[in-house]
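**Q** Mind folding the following:
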Amino acid sequence: MTDSISMEALRLRRATQADAEFAYHVTERAMRNYVVATFGSWLEAEVRKNTSADATDGRSQVIELDSVPAGILNVERLASHVQLHQLFILPEYQRQGVGTHLLRGVLSDAATAGLPVRLRVLRCNPAKALYERHGFRVTSETPERFYMERVA
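**A** Predicted coordinates:
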């Protein structure tokens with residue numbers, strides 16, 4: 001992986017209802033193969049409902065590179081920890097440092113607050129290696145997922 005994309009071109013903006021279709025598109029392109037490999041099917045209606053709700057309610061942020069939508073970030077700060085719900089990047093922007101840059105920002109914000117960061121990742125998703133490189137450790141697991149945490 002290289003940082004070939006200019007991080008100055010990277011911007012986050014709060015998602016709106018107008019971003020609901022894009023949020024679904026990113027989720028499908030980034031996650032569908034892993035979801036099907038894990039659960040045997042892709043539940044389009046359910047994914048559309050959830051991505052639309054996250055966009056409409058402003059829980060998601062759109063990742064932009066040079067004003068072009070490239071992914072979705074969904075982070076929730078709770079009293080006990082920061083929960084990284086989604087860091088989904090379109091395949092054409094993966095392995096270029098975007099995820100690493102955004103993850104470092106989440107980790108920095110959590111460290112400033114003195115909070116651990118938690119996430120879950122499907123067992124077959126190679127993103128687990130990214131999280132491990134950034135100090136996340138598996139705290140529990142199910143047949144489908146790893147639950148990971150990085151302490152502050």
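**Q** rest of the way, CA atoms for contacts and neighbours
**A** Fine.
**Q** State the pLDDT value of Arg13.
**A** As predicted, Arg13 sits at a pLDDT of 96.
**Q** Check which element follows the helix or strand containing it along the chain.
**A** Element membership for Arg13, per DSSP states H and E: strand 10-14. Next helix or strand after strand 10-14 toward the C-terminus (DSSP H and E): helix 20-39.
**Q** Contacts for that following helix, please.
**A** Contact with helix 20-39 is made by 41-42, 47-48, 51-53, 55-56, 62, 70-72, 88-91, 122-125, 144, as judged by C-alpha atoms under 8 Å, 6 or more residues apart in numbering.
**Q** ok, the residue positioned nearest the centre of the chain - contacts?
**A** Centre of the chain computed as the mean C-alpha position; nearest residue by C-alpha atoms, centre = their mean is Leu87, 1.2 Å away. Leu87 makes contacts with Gly71, Ile72, Leu73, Asn74, Gly99, as judged by C-alpha under 8 Å, 6+ apart.
**Q** out of the residues you listed, what pair is the most spread apart?
**A** Asn74 and Gly99 (12.6 Å; C-alpha to C-alpha).
**Q** Please give the centre-to-centre distance between the lengthiest strand in the chain and its chain.
**A** As assigned by DSSP state E, the longest strand anywhere in the chain is strand 68-77. Centre-to-centre, strand 68-77 and its host chain are 6 Å apart (C-alpha atoms, centre = their mean, to the nearest Å).
**Q** mean confidence for the very next helix or strand once past it?
**A** With elements assigned by DSSP H and E, the helix or strand that comes after strand 68-77 is strand 82-89. In this model, strand 82-89 has a mean pLDDT of 97.
**Q** related to what we said a few turns ago, can you give the strand pairings for the strand holding Arg13, parallel or anti for each?
**A** Note on strand 10-14: by DSSP bridges, its sheet partners are strand 61-65 (antiparallel).
**Q** just the angle between the partner strand and helix 20-39, please?
**A** 100 degrees (axes from the mean of the first three to the mean of the last three C-alpha atoms, to 10 degrees).
**Q** State the mean pLDDT of strand 61-65.
**A** Averaged across strand 61-65, pLDDT comes to 96.
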